[in-house]
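Q: sequence plus predicted model, see below.
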Amino acid sequence: MNLGLNNKVALVLASSKGLGLACAKALYSEGAHVIICSRSEDNINQAKEEISKLKTSNSSNRILGVVNDLNDENQIRTLVETTLNEFRHIDILVHNAGGPPSAPFSEISRDDWEKSIKLNLVSFIHISKLVLPIMQKQKFGRIIAITSVSVKQPLNNLILSNTTRLGVVGFAKTLSNEYAKDNILVNVVCPGPTLTNRMEELIKTQMNDLGKSRQEIMKIWIDNIPLGRLGRPQELANLVVFLASDKANYITGTVVQVDGGFVKSSL
Ligand code: NAD
């Protein structure tokens, strides 16, 4: 199937590992130029090497790596400027960032709240402000925000995620209304439990908190997933690629989970 992604320019945030890297790989394989970023140059170089080994439908698509801390507004501006200087346009923005720590409300400090809101919500607002005028000029844009199933069903001990990510949903939905006239589509994707470094960290925290083995903790997760296993990063990336593609031209303002059935509500 031709997804129409050849030579599209895709800026994928927090993409040296995990879900961000999986999205960058999938977009590259479909022929897009990808800009990957994270805070560590070593991790970026490793990710670039992995991506460059993939088969791609385009013989000339490129990968650009940029060191970037999403907590720093100036670095976000530089990232957008660098992308634009190199590729002249930005067609696809995948917003992603590190996840907030897991703890009950009583253990979350004011500083934790501020950090989480800054990284997961404010960075999305900053980059959208910069990228939207570019997409408006192009009369084309696809913005996809990676959040969590916590926007559909609060997760125990993840009050930071449960709260902050709903701000992302409200912001994205509003953008989808305001910018549809410019052919800019904005959607939110919600990973369920997916095997990445982040998930391994959560599993370790739960092993300590509950005094259980890895196997026991995995069983607790899996018992709540009708498909009977954790997700693979590629499975979220498949949805991101679809939403970025020509096949999704009439889809905007949605919030879609990739979770093996983990969310129990009907909507
Ligand atoms: P991960 O820890 O494997 O990868 C996170 C990436 O974010 C890394 O590349 C890291 O370098 C980068 N990053 C972290 N802080 C950054 C910053 N300040 N600036 C720039 N880059 C930064 O995590 P993941 O599992 O891929 O998760 C990605 C997002 O999806 C997180 O917000 C996570 O909470 C959310 N999520 C993950 C799962 C899951 O099961 N894996 C489920 C629901 C939601």
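A: The structure has been received and is ready for your questions. Residues are numbered from 1 along each chain as shown.

Q: use CA for all of it now, contacts and neighbours both
A: Will do.

Q: any idea how many residues pack against the spatially closest residue to residue 234 that is not a sequence neighbour?
A: Once flanking residues are discounted, residue 234 sits nearest to residue 22: 5.5 Å by C-alpha to C-alpha, 6 or more residues apart in numbering. For residue 22, the count of nearby residues is 24 (other C-alpha atoms under 10 Å).

Q: check which helix or strand covers residue 22.
A: Using DSSP states H and E, residue 22 sits in helix 18-29.

Q: tell me how far residue 35 lies from the ligand.
A: 13 Å (C-alpha to the nearest ligand atom, to the nearest Å).

Q: ignore the last one, residue 257
A: Applying C-alpha to the nearest ligand atom, the value for residue 257 to the ligand is 10 Å.

Q: who are the packing partners of the helix or strand where residue 243 lies?
A: Here residue 243 is covered by helix 233-244, with elements defined by DSSP H and E. Applying 3 or more C-alpha pairs under 8 Å, 6 or more residues apart in numbering; DSSP states H and E, one finds that helix 233-244 contacts helix 18-29, strand 141-146, strand 184-191, strand 255-258.

Q: which neighbours does the third one have in its sheet, and in what orientation?
A: Neighbouring strands of strand 184-191 in its sheet, by DSSP bridges, are strand 141-146 (parallel), strand 255-258 (parallel).

Q: contact partners for residue 259?
A: Taking C-alpha atoms under 8 Å, 6 or more residues apart in numbering, we find residue 259 in contact with 149, 190-194, 225, 230-231.

Q: go again with 10 Å.
A: Contacts of residue 259 were listed using C-alpha atoms under 10 Å, 6 or more residues apart in numbering, and they are 148-149, 190-194, 225-227, 229-232, 235-236.

Q: quick one, phi psi at the nearest residue to residue 31 once chain neighbours are set aside?
A: Leaving aside its chain neighbours, residue 31 sits nearest to residue 6 (4.2 Å; criterion: C-alpha to C-alpha, 6+ apart). Backbone torsions of residue 6, given as degrees, to the nearest 10, read phi -60, psi 130.

Q: and for residue 245?
A: According to degrees, to the nearest 10, residue 245 has phi -90, psi 170.

Q: quick check, it in contact with residue 31.
A: No: the pair residue 245 / residue 31 is not scored as a contact, 11.1 Å apart, by C-alpha atoms under 10 Å.

Q: shared neighbours, those two?
A: In contact with both residue 245 and residue 31: 3-6, 8, using C-alpha under 10 Å, 6+ apart.

Q: who wins on neighbours among those residues?
A: Top of the shared contacts of residue 245 and residue 31 by neighbour count (other C-alpha under 10 Å): residue 5, with 24 neighbours.

Q: just say helix, strand or coil for that one.
A: Put simply, residue 5 is coil when judged by DSSP: H, G, I helix; E, B strand; the rest coil.

Q: who are the contact partners of it?
A: Residue 5 touches 27-33, 57-58, 91-92, 241-242, 244-246, counting by C-alpha under 10 Å, 6+ apart.

Q: deepest-packed of the strands paired with strand 184-191, please.
A: strand 141-146 (a mean of 26; mean count of other C-alpha atoms under 10 Å).

Q: what comes up buried for the helix or strand that comes right after that one?
A: Proceeding N to C from strand 141-146, the next assigned helix or strand is helix 159-179, under DSSP H and E. For helix 159-179, a neighbour-count test (16 or more other C-alpha atoms under 10 Å) marks 159-169, 171-173, 175-176, 179 as buried.
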